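> I need the structure of the sequence given here:
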Amino acid sequence: MDKKLVVVESPAKAKTIGQYLGSDYVVRASYGHVRDLPKTKLGIDVEHNFAPEYKTIPKSRTVLAELKGELTKSSELLLATDFDREGEAIAWHLVEELKPKKPIKRITFHEITKPAIESALAHPRRISRQLVDSQQARRLLDRLVGYKLSPFLWQKVYRGLSAGRVQSVAVRLIVEREREISAHKTREYWTVEAVLKTAEGELTAYLAAPKSAAKAEFAKQVEAQKIAAKLARSALKVESLETVNSLLKPQPPLITSTMQQAAARLYRFSAKKTMKIAQDLYEGVELAGEGTVALITYMRTDSYQMSELAKKQAENLIAKKYGAKYLPATPNIFGRKVKGAQEAHEAIRPTDFSRTPDELPNKISRDHLNLYKLVWAQATASLMSPAKVETTTAVINGSDSARLIARGRRLIFDGLLKLNPDSEEQFNSLPKLTKDQAVKVKTVTPQQHFTEPPARYSEATLVKELEKRGIGRPSTYAPIMSTIVERGYVTKQTGRFLPQSVAEVVTDLLVENFPDIVDYDFTADLEESLDDIAEGKKQFVPVLQDFYRPFARRLQEKEKTVTKREVTEEATDQKCPKCGKPVVIKLGRYGKFFSCTGFPECKYTAPYLEDKFTPREEKEIAEEVKEKCPKCGGDLAVKQSRFGTFLGCGNYPKCKFTKNIVLGIGVSCPTCGKEIVKKSSRKGKVFWGCSGYPKCKTAFWDEPTSEKCPKCGNLIVKKRTGLTCSACGYQKAGVQSHQETQ
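Numbering: from 1, shown residues only. Purely as a prediction, here's the structure:
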């Protein structure tokens, strides 16, 4: 009876904690939540203060039985679930299920280390009802929206759809971004660049607009060529030189959202994968000779703070490894303006700064090592001195008042960039120049450009947008991403979210009929209300009442007035080739299609093409459609199935010939010389492969360019972080992808 029972969520966490506790403790796992609302009904009594009807999760019954058995042999119960709201709710549900007659203590810690565990045991507390109520309110709000609004979508669109308080807002963001892209009108413009020579070396400059430092833009090529020809004959001299020193200040340590964004950008991790790996690093991984070791602190946080003990350890490491000059005179401080910081007291950092990433190769998996590197480097850099950069701007005059501007950057002191050995590649200083110095022209080149629409959202940029708008919280980002894909609202192409027809239809339906549900400010205000409940400023029942009463009235009204036809059908000017009745565009489970209004008497249907291609791809498809069927001589037509777009014989079903749409990109295969084409895997993932397949199996997951790497000679590919070598990882200095600048 002297032993104490410690309950955590996972076996991995139990194993790590067990190493730090003596024989007086028994550590067991609850395997997450043990109770939840029933799956088959609403489970909320909306007439009686929204009382929830919790049910034991079937798979938890065996676990609860084992915990009850251990509890009878223990002197007290220690609840060590995660210290955020969800962890607090799990602890409360455990008490409700176990009904212990022994003393109950709640202990929390930000990291699974021996000092943190000992400190938690020395400072137990009670379960916070405010945090529990905040989590309950979130769960009940999500259930009310999901279980009330989803059946409405089944009636008005088709069965199987779902709506969510945050999910539907995320889908709206993606849909509206796609409409911005569709509405974008591409504009061609030209700029002029020159390579200039001096006795000290070469420099690159651009033609500036009159009375401005911006680049001069020309609507037509002939205008750019005309001024380029004049510049090539001009006598140039340096009009002015300006040198400015600036600081590259450290960024704060990682929080949940920035960790997900950085992992997506650098390693192409999904939010779900990032959180799974971070969970492993937090709970503990096996290290040879050391057992199970927790490598990072808690990974669901909005806070930029770090404990003084951790800061001291990191500062000692920086001074010892890099020198005292890499520590700032006054410590770096990072403010956090987001309300309701998940009750977290620290950012994500290593549990032990002295365990550098260099020590871990071959001890943990590559993915775990990459994420640990990210956490360690960002936390360490946040405490270092800023880098000092000297920027020189040279204004060079030519004939006809033409001005060329050249800029160079020189690294004076690397500071935090010491952690990145490749950082100097981004600096390109000018050769030595003096005022009134003559400069010769080597080349003057007109450069063609096209305005581009905003980029589609990636997981990283969508998380950033949700966080900026105050929608959702750290624990919700990864589930949102997974849900909108699994529900068929969006697909992912080259790492970007592409909305399906159903996403547009559902978004328009909700915006028109339930504007509050998908309103950005309203959703953010609800998040603030949940934070207020956690802080004791509001009670969860009034918050639910304020939301549910108008929502329920509107739902009842719209169920009567909105018809399925007005939501899922779109008129056309076409007539049915079979019966002559009007043809409409309908929305079905697998997308849009043409259908006769005479259904069910007339069952005429035809595929509706809604794939979004670039102008180059559309031209190539048009050329392929001009081909004749090699089997029967019929015309080939663009068709669509649930698996994508293809070319099919117009005499179907008599002739069933089909052909994949193969889109070339104008790049030759480095292995055999044939053209690289855009392809799609069986799972729908886009890649680029040699048209000579299967004889040549060269393939790229990123779009290749015709440019070759100066280091190894392999092709440069277009990654989201810029132009990068497909083999050695070399990144072209100073080049950033358009998508990452949005």
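> Would you mind giving both backbone torsions of residue 243?
According to degrees, to the nearest 10, the main-chain angles of residue 243 amount to phi -120, psi 130.
> so what's residue 407 up against?
For residue 407, the set of contacting residues under the criterion of C-beta atoms under 8 Å, 6 or more residues apart in numbering consists of 391-394, 430. C-beta coordinates here come from the backbone N, C-alpha and C atoms, glycine included.
> Those: which two are farthest apart?
The most widely separated members of these, counting by C-beta to C-beta, are 391 and 394 (11.0 Å).
> Look up how far residue 554 lies from the residue nearest to residue 558 when sequence neighbours are not counted.
Beyond its immediate neighbours in the sequence, the residue positioned closest to residue 558 (C-beta to C-beta, 6 or more residues apart in numbering) is residue 513, lying 4.8 Å away. Spatial separation of residue 513 from residue 554 under the definition C-beta to C-beta, to the nearest Å is 7 Å.
> if I look at the residue nearest to residue 558, how far off is residue 570?
In this structure, residue 513 lies at 18 Å from residue 570, with C-beta to C-beta as the measure.
> In terms of neighbours, single out the busier of those two.
Between residue 513 and residue 570, counted using other C-beta atoms under 10 Å, the more crowded position is residue 513 (18 against 13).
> I'd like to know how many residues surround residue 705.
There are 17 residues near residue 705, going by other C-beta under 10 Å.
> Ok, residue 210 next?
9.
> Then the one 5 residues further on?
Here the neighbour count serves as a burial measure; for residue 215 (other C-beta under 10 Å) it reads 16.
> is it in a bridge, and if so with what?
For residue 215, the beta-bridge partners under DSSP bridges are residue 208.
> I'd say it and residue 208 touch.
Yes. Under the contact definition of C-beta atoms under 8 Å, residue 215 touches residue 208, with a separation of 6.7 Å.
> Can you point out the buried residues in stretch 127-135?
Judged by neighbour count (16 or more other C-beta atoms under 10 Å), stretch 127-135 contains these buried residues: 127-128, 130-135.
> Out of the contacts of residue 407, which end up buried?
391-392, 394, 430.
> Of those, which is the nearest to residue 566?
Ranked by distance to residue 566 (C-beta to C-beta), the buried ones among the contacts of residue 407 are led by residue 391 at 58.8 Å.
> just checking, that closest one is part of a strand?
Yes. Counting by DSSP: H, G, I helix; E, B strand; the rest coil, one finds residue 391 located in a strand.
> Distance check, it against residue 136.
From residue 391 over to residue 136 (counting by C-beta to C-beta), the distance is 54 Å.
> shared neighbours, residue 391 and residue 394?
Residues touching both residue 391 and residue 394 (C-beta under 8 Å, 6+ apart) are 407-408.
> coming back round to it: JSON lines for the contacts of residue 407, including distance to residue 8 and pLDDT?
Formatted as JSON lines, those follow (distance: C-beta to C-beta, whole Å; pLDDT from 0 to 100):
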{"residue": "391", "distance to residue 8": "52", "pLDDT": "95"}
{"residue": "392", "distance to residue 8": "57", "pLDDT": "95"}
{"residue": "393", "distance to residue 8": "58", "pLDDT": "95"}
{"residue": "394", "distance to residue 8": "62", "pLDDT": "95"}
{"residue": "430", "distance to residue 8": "59", "pLDDT": "93"}
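> Out of the residues you listed, which is nearest to residue 353?
Proximity of those to residue 353, judged by C-beta to C-beta, is greatest for residue 391, which lies at 32.7 Å.
> In contact with that closest one, which residues?
With contact taken as C-beta under 8 Å, 6+ apart, residue 391 is in contact with 243-246, 407-410.
> tell me the two of these that are most distant?
The largest separation in these, counting by C-beta to C-beta, is between 245 and 407 at 14.2 Å.
> Keep only those of the contacts of residue 391 that are in helices.
Mapping the contacts of residue 391 onto helices (DSSP state H) picks out no residues; all lie outside.
> from those residues, which would you call buried?
Neighbour-count burial within those applies to 407-408, 410; the criterion is 16+ other C-beta under 10 Å.
> Turn those into TSV, including pLDDT and distance to residue 695.
As requested, those are arranged in TSV below (pLDDT from 0 to 100; distance: C-beta to C-beta, whole Å):
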residue	pLDDT	distance to residue 695
407	94	48
408	94	48
410	92	50
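> Out of these, which is nearest to residue 325?
Taking C-beta to C-beta as the measure, residue 325 lies nearest residue 410 of the buried ones among the contacts of residue 391, at 18.3 Å.
> what's the closest non-adjacent residue to that closest one?
residue 429 (4.1 Å).
> what's the single longest helix in the chain?
Looking only at the chain and at elements set by DSSP H, the helix with the highest residue count is helix 129-156.
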